[in-house]
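1. kindly return the folded structure for what I paste below:
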Amino acid sequence: MAKESFDKEIQFLRMLVLTSGAYNRQQFADRLGISVNTFDKTLRRLKDIVQHTQQQLPEDQGQELADAIRYRYHDTSDPMLLFLFRAKSLKESESHRLALLIAALHEQTQTAMELLDCCVSGFPADLALPDEKTIRKDLKYLEEVGIIRKVSASRPYRYGICHELVTELSDDELQEVYDFVDIMANTQVPSIQGYLLRDGLKKHLTRRESEAAAVLPFWYKYHYYSRILDEAHLFTLLEAIRSHRRIQFLYFSPKTDQNYGSRNTNPLFERDSIGKQVTTLPLKLVYDHQYGRWYLLSSERDGIRKYRMEGMTEISLSEPVDAAVYHAKRQVLEEKTRYSWLIDTGRPVTVRARFYNPGTPGGNFVRERVLMQGQWGEITEETDESFIYEITVNGWTEIRPWLRSFGSSCEVLEPRQLRQEFIAEWKEIQSYYESVRENI
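-> Numbering: from 1, shown residues only. As a prediction, this is how the structure comes out:
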């Protein structure tokens, strides 16, 4: 897939899950900033990808992809949107070459010229034949990602497949590895590579006809679709951070009416994009566990900037900056986010709240949760009925949902303005129930 097409499909799937079929074709196309014709072509392409990559297809192959996601997405432990990563952002010729190279190296170790002969003999007639330079480039890529390795120290180098993980372990050992990968992929971030490794291990266990492969010891319910989709850009941004390089991208703020902009080559249909072209120096990536969102923190001329990764499209690497300059900007960021509950860089304030103990047998789950999730905050006072929790944070906007989630078990004491805001919120909630008759 081309880079723009990959961005488009990411935003397309995000909208599909968000709306659950509530938009018609024209509304969907308008929200994405594409034509209805492009909408239809994108939907057909996604259906083709699903048919080639998804293991649990609907029996009715003509079923709409929107219906499949609407009715099946929340009924499976596997994140359905993962099929976009299984399809890979590769051209058709690249997919054929890599498949032929890996298949040839499964048989025996070979040199680049021997692999070139294998590719030429097995390549489809309707595709251009690869040359030696292309094959060596593919081998370098496969070596970098750990699929193959050089097995000889002298030229011409011989390459072999790296499959010791599955060939040298017993069925029980491989099952234990599978269970570990399954747990980590469903509980840690990032997780895409873990899901792909888990699926590969499961296929190998199935090929061994292992009875354990049919047993699912854990069953997870996956909710955060954006976390999966945003990981398409995650490793590009991590590479930019590691190499101290600026990046360029087209950004669509969550407040805008569109989240994608097509690049039209026909001047008759050219339109102005409402996205903002951004050049920035990425410094840090932050994941919000509460809402399942990724954020990019970067440095620009006017200071620290924050971007939601779901609005970033057409990301490309730009020029590097001096290491000393980068580390100086990173130090500024660390100082500004020292008291950030998440990414807020506002003025530090001290928040004090009283938490009431539940008074039920089985342990004080309120206190345990505060100690586990309260970050650097401290319990300053404690009685049998309650305890006071105190923390200094950059503004109270980000900590507010956490405090609110405790309901009547939490009473905000300071700052006074935050306390008044909570009082107003609870009064508003109370007013929703005042008109309900008691005898209904």
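2. for the stretch 301-440 of the chain, which residues score under the pLDDT cut-off?
-> Along the stretch 301-440 of the chain, segments meeting pLDDT under 70 span 435-440.
3. try it again at 80.
-> 359-363, 434-440 (pLDDT under 80).
4. and what of the stretch 1-150 of the chain?
-> Ranges of the stretch 1-150 of the chain meeting pLDDT under 80: 1-6, 16-22, 45-96, 107, 125-127, 145.
5. which residues in it form helices?
-> Under the criterion DSSP state H, counting those that start in this stretch, the stretch 1-150 of the chain carries helices at the ranges 3-19, 25-32, 36-53, 65-72, 83-87, 92-107, 112-122, 132-144.
6. export the ones you listed to CSV and append columns for mean neighbour count.
-> In this view, the C-beta of every residue, glycine as well, is placed from N, C-alpha and C. Shown next, in CSV, are the helices of the stretch 1-150 of the chain (neighbours: other C-beta atoms under 10 Å):
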stretch, mean neighbour count
helix 3-19, 19
helix 25-32, 16
helix 36-53, 15
helix 65-72, 17
helix 83-87, 19
helix 92-107, 16
helix 112-122, 16
helix 132-144, 15
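7. out of those helices, flag the one nearest S170.
-> Proximity to S170, assessed across the helices of the stretch 1-150 of the chain by C-beta to C-beta, is greatest for helix 92-107 (20.7 Å).
8. quick check: angle from the closest one to helix 132-144?
-> 70 degrees (axes from the mean of the first three to the mean of the last three C-alpha atoms, to 10 degrees).
9. can you name the residues in contact with helix 92-107?
-> The contact list for helix 92-107 (C-beta atoms under 8 Å, 6 or more residues apart in numbering) reads 88, 90, 110, 114-115, 118-119, 122-124, 127-128, 130, 134-135, 138-139, 142, 147-148, 159-161, 163.
10. re earlier: out of the helices of the stretch 1-150 of the chain, which gets nearest to R208?
-> Using C-beta to C-beta, these put helix 92-107 closest to R208, at 15.7 Å.
11. so how far is that closest one off the chain centroid?
-> 28 Å (C-alpha atoms, centre = their mean, to the nearest Å).
12. show me what the one helix or strand H204 maps to is packed up against.
-> When elements are assigned from DSSP states H and E, H204 belongs to helix 192-207. If you count contacts as 3 or more C-beta pairs under 8 Å, 6 or more residues apart in numbering; DSSP states H and E, helix 192-207 packs onto helix 83-87, helix 171-187.
13. quick one: it to helix 171-187, angle?
-> Going by the same axes, to 10 degrees, helix 192-207 makes 150 degrees with helix 171-187.
14. list the buried ones in helix 192-207?
-> I192, G194, Y195, L197, R198, D199, L201, K202, H204, L205 (16 or more other C-beta atoms under 10 Å).
15. over to stretch 229-243?
-> Of the residues in stretch 229-243, L229, D230, E231, A232, H233, L234, L237, A240, I241 count as buried by neighbour count, 16+ other C-beta under 10 Å.
16. which ones among those are found in helices?
-> Judged by DSSP state H, these include L229, D230, E231, A232, H233, L234, L237, A240, I241 as members of helices.
17. got JSON lines for those residues, with distance to F252 and pLDDT too?
-> Formatted as JSON lines, those follow (distance: C-beta to C-beta, whole Å; pLDDT from 0 to 100):
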{"residue": "L229", "distance to F252": "14", "pLDDT": "84"}
{"residue": "D230", "distance to F252": "13", "pLDDT": "86"}
{"residue": "E231", "distance to F252": "18", "pLDDT": "86"}
{"residue": "A232", "distance to F252": "15", "pLDDT": "83"}
{"residue": "H233", "distance to F252": "13", "pLDDT": "87"}
{"residue": "L234", "distance to F252": "18", "pLDDT": "89"}
{"residue": "L237", "distance to F252": "17", "pLDDT": "93"}
{"residue": "A240", "distance to F252": "20", "pLDDT": "94"}
{"residue": "I241", "distance to F252": "22", "pLDDT": "95"}
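18. pull stretch 106-118 out as CSV, backbone CA atoms only.
-> These are the backbone C-alpha positions of stretch 106-118, laid out as CSV (Å, rounded to 0.1, in the frame of the first residue of the first chain):
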residue,chain,number,x,y,z
HIS,A,106,13.7,-22.5,4.8
GLU,A,107,15.2,-25.3,2.7
GLN,A,108,18.9,-24.5,3.1
THR,A,109,21.4,-21.6,3.4
GLN,A,110,22.0,-19.7,0.2
THR,A,111,24.0,-16.8,-1.2
ALA,A,112,22.4,-13.6,-2.7
MET,A,113,23.0,-14.8,-6.3
GLU,A,114,21.4,-18.2,-5.5
LEU,A,115,18.4,-16.4,-4.0
LEU,A,116,18.2,-14.2,-7.1
ASP,A,117,17.9,-17.3,-9.3
CYS,A,118,15.2,-18.7,-7.0
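19. tell me the contacts of T42?
-> Taking C-beta under 8 Å, 6+ apart, one finds K8, E9, F12, I34 in contact with T42.
20. any idea how far the third one lies from I192?
-> Spelled out, that is F12. 18 Å (C-beta to C-beta, to the nearest Å).
21. one more: the first one?
-> K8 sits 19 Å away from I192 when distances are taken as C-beta to C-beta.
22. cool, and the last one?
-> Taken as C-beta to C-beta, the spacing of I34 relative to I192 amounts to 26 Å.
23. quick one: L32 and Q26 touch, right?
-> No. At 11.0 Å, L32 and Q26 do not qualify as touching, with contact defined as C-beta atoms under 8 Å.
24. give the residues shared as contacts by those two.
-> Common neighbours of L32 and Q26 (C-beta under 8 Å, 6+ apart) do not exist.
25. what helices or strands is the helix or strand containing E368 leaning on?
-> Here E368, judged by DSSP H and E, is contained in helix 365-373. Applying 3+ C-beta pairs under 8 Å, 6+ apart, we find helix 365-373 packed against strand 348-356, strand 378-382, strand 386-394.
26. contact partners for the residue nearest to S408 when sequence neighbours are not counted?
-> In this structure, S408 finds its nearest non-sequential neighbour in Y356, 7.5 Å apart by C-beta to C-beta, 6 or more residues apart in numbering. The neighbours of Y356, taking C-beta under 8 Å, 6+ apart as the test, are V366, E385, S386, S408, S409, C410, E411.
27. what sits against the first one?
-> So the one you mean is V366. F355, Y356, N357, P358, F406, S409.
28. look up how far L418 lies from the fifth one.
-> Right, the one you point to is F406. 14 Å.
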